[in-house]
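>>> Below is the structure, and that's it, no one-letter string:
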């Protein structure tokens, strides 16, 4: 009788990066209690989103993230050919997402942010430090995709109206909300023994304290933005999500943002980017001997 080889086939670099990107999206969706966002408790400020839809959307994007990593490996350098390939793959991935969600925009911003980070990581898999990856991602984001459609997204409309920095500019600057705020807060809360879920909530709040979230601006204007920023800072000042006082403030912020119909979707996308970068920057050997 012939014995079957049940040893799993090693994952390629592109497959592993796609796994990490999808994991980051699912971890962000599951994180609870997030203010006015879809989580395990409910739909937050949304009427067209729910947790299982977020999961299905994230899983549908795996082929796009894999293809972006493969394109980066094929082209081998930051340049217009790679940037335009990423744009094409991202648009195809968005159509797959919309087909999965029956037209609901679940992860458009995350495709942009995580797609750039996946490609930037694949370009130089031996140098996955956060600063190096985000610098390569910024160089890609600065290139103009000649084939990108030109109608203004909601985020672009809001950026023009309020002079706010949108997802495009955030990437072009090397994701400062992640590098300067989310990652340091994530590590600080971990070091304080707050637990992983609370540390991730604190990282989200750190993003919210300063981000000009175009999702909030579109849905609730400057009132919503100020409520988000001040409320997030109040949670951190009260001791963060691991403290009783911080939890009370977090509940208050959740109720305030829901009343304003203000969902910080831009901050959620950047938290997913933070979780992805944290995994590749952790030095836990995920790229050593795994392929």
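Great, that's in hand. Here the structure is a predicted model, which is why all the values come from computation and not from measurement.

>>> rest of the way, CA atoms for contacts and neighbours
Will do.

>>> The lengthiest helix in the chain - what's its average pLDDT?
Ranked by residue count and defined by DSSP state H, the top helix of the chain is helix 214-237. For helix 214-237, mean pLDDT rounds to 95.

>>> buried set for that helix?
214-221, 224-229, 231-236 (16 or more other CA atoms under 10 Å).

>>> For it, which outside residues touch it?
154-155, 158-159, 164-166, 202, 205-206, 208-213, 241, 245-247, 249-250, 253, 256-257, 260-266 (CA atoms under 8 Å, 6 or more residues apart in numbering).

>>> Give me the PyMOL select line for these, limited to the buried ones.
Burial among these is assessed by 16+ other CA under 10 Å; the matching PyMOL selection reads:
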select buried, resi 155+158+159+164+165+166+202+205+206+208+209+210+211+212+213+241+245+246+247+249+250+253+256+257+260+261+262+263+264+265+266
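
>>> Out of the contacts of helix 214-237, which sit inside helices?
Going by DSSP H, the helices hold 154-155, 158-159, 202, 205-206, 208-210, 245-247, 249-250, 253, 256-257, 265-266 from the contacts of helix 214-237.

>>> hmm, back to that, roughly how far is the longest helix of the chain from the heart of the chain?
18 Å (CA atoms, centre = their mean, to the nearest Å).

>>> and if you look at stretch 257-268?
15 Å.

>>> Compute the first-to-last residue distance for that stretch.
End-to-end distance for stretch 257-268: 14 Å, by CA to CA, to the nearest Å.

>>> which other residues reach that stretch?
Contacts of stretch 257-268 (CA under 8 Å, 6+ apart): 28, 35-37, 44-46, 109, 167, 204, 207-208, 211, 213-217, 219-220, 224, 227-228.

>>> if we go to 7 Å?
For stretch 257-268, contacts defined as CA atoms under 7 Å, 6 or more residues apart in numbering pick out 28, 36-37, 44-45, 204, 207-208, 213-216, 219-220, 224.

>>> do stretch 62-74 as well
14-15, 17-19, 22, 82, 86, 89-90, 93, 115, 118-119, 122-123.

>>> distance between that stretch and the chain's centre?
That offset, for stretch 62-74, works out to 17 Å (CA atoms, centre = their mean).

>>> Stretch 95-113 too?
13 Å.

>>> Over to stretch 256-263?
21 Å.

>>> pLDDT on that stretch, on average?
Mean predicted lDDT for stretch 256-263 stands at 96.

>>> Who wins on neighbours among the contacts of stretch 62-74?
With neighbours taken as other CA atoms under 10 Å, the top of the contacts of stretch 62-74 is residue 119, carrying 31 neighbours.

>>> I'd like to know how far it sits from residue 166.
Residue 119 is 20 Å from residue 166, by CA to CA.

>>> what stretches of the stretch 101-250 of the chain score poorly on pLDDT?
Residues of the stretch 101-250 of the chain that meet the criterion pLDDT under 70 lie in 150-156, 158-160, 162-164.

>>> Which two among the contacts of stretch 257-268 are spaced furthest apart?
28 and 220 (22.6 Å; CA to CA).

>>> can you give me the strands in the stretch 1-150 of the chain?
In the stretch 1-150 of the chain, no strands are defined using DSSP state E, counting those that start in this stretch.

>>> Please name the residues that touch the residue nearest to residue 130 when sequence neighbours are not counted.
Of all residues not flanking residue 130 in the chain, residue 281 sits nearest, at 5.6 Å (CA to CA, 6 or more residues apart in numbering). Contacts here follow CA under 7 Å, 6+ apart; on that basis residue 281 touches 128-130.

>>> from the residues you listed, which ones fall inside helices?
residue 130.

>>> hang on, the earlier thing: tell me what angle the longest helix of the chain forms with helix 244-259.
On the basis of axes from the mean of the first three to the mean of the last three CA atoms, to 10 degrees, helix 214-237 is oriented at 160 degrees to helix 244-259.

>>> Brilliant, that's me finished.
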